[in-house]
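Asker: Quick check, what structure comes out for this input:
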Amino acid sequence: MILAAATLKNALDLVVRAAEAKLHVAIVTVYGPSPTLVKQLENGAPGDIFLSADFDWMDNAIAHKLVDPASRVDLLSSRLVLVAPAEQAQPVAITPGFPVARLLGAGRLAMCDPMMMPAGRYGRVALQKLDVWNNVKSHVAVAEDVLGALELVSRREAALGIVFDTDARLDRGVSIIGTFPSDSYPPIVYPVAEVASSRNPNTKPILEFIVSPESRAIFQEEGYTVLGSPH
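Answerer: Sure thing, here's the model as predicted:
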């Protein structure tokens, strides 16, 4: 059983199908927000592999002895972007003090929880660094996860959204209108590790497959930058 951040669903589903075919094992995937998955593990929920959407929640899982730190691999990276409904997409230069409040008008800014969820936290930090967070924080529409944020924008229930660039590929109803400067937020990293309580003999081979060149090629095809440095 793989517990993985919801943002990874499309790419990881492809990796899982390839793993099942090659290793002849059945794999169950459970997707959700990274903090929710950590809480589930903390409460004793079953799982064999955890794939987080950021450093912090993997570090939290390690601190609570929920995953094996020796098995951790910082696997993937992506970028933070601003999206708008596809039919309204006009490119925006994202620079310090950029007019995001004017761009929103009376509309809302779709984000994951800016205090808890990885994409939301990255977005808040970037807006703070660019000195525009105070202009828009009262207009934030909080989504449960990145898929929810995309849906708000796609349905035009939000004028803009902040997601990862790999998320934006998941919904044809949105278009990327700007990319946040890489120095405006911490590096976006997706770590993977073995759940400490796992006793499944297939866990190690599946984890090895997830970080293998075959899987890396799939992740790259889905728009991710592959890292893969073991800790």
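Asker: Can you name the residues bridging to Tyr31?
Answerer: When assigned by DSSP bridges, Tyr31 has beta-bridge partners Ala4.
Asker: so how many other residues sit close to it?
Answerer: Residues lying near Tyr31 (other C-beta atoms under 10 Å) number 19. C-betas here are computed from N, CA, C, even on glycine.
Asker: Same check on Met111?
Answerer: If you count neighbours by other C-beta under 10 Å, Met111 ends up with 29.
Asker: Give me the mean pLDDT for the biggest helix by length in the chain.
Answerer: Counting residues, the longest helix found in the chain (DSSP state H) is helix 9-23. Helix 9-23 carries an average pLDDT of 96.
Asker: got the CA positions of that helix in CSV?
Answerer: Taking Å, rounded to 0.1, in the frame of the first residue of the first chain, the C-alpha atoms of helix 9-23 are listed here in CSV:
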residue,chain,number,x,y,z
LYS,A,9,-1.9,10.7,-8.8
ASN,A,10,-1.6,10.9,-12.5
ALA,A,11,2.1,10.1,-12.6
LEU,A,12,2.2,7.6,-9.8
ASP,A,13,-0.7,5.7,-11.3
LEU,A,14,1.4,5.1,-14.4
VAL,A,15,4.4,4.0,-12.2
VAL,A,16,2.2,1.7,-10.2
ARG,A,17,0.8,0.0,-13.3
ALA,A,18,4.4,-0.5,-14.6
ALA,A,19,5.5,-1.9,-11.2
GLU,A,20,2.5,-4.3,-11.1
ALA,A,21,3.3,-5.6,-14.6
LYS,A,22,7.0,-6.0,-13.9
LEU,A,23,6.9,-7.3,-10.3
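Asker: quick one: contacts of stretch 89-109?
Answerer: Around stretch 89-109, the neighbours that count as contacts under C-beta atoms under 8 Å, 6 or more residues apart in numbering are 82, 84, 127, 129-132, 135-136, 139-141, 152, 157-162, 175-181, 184.
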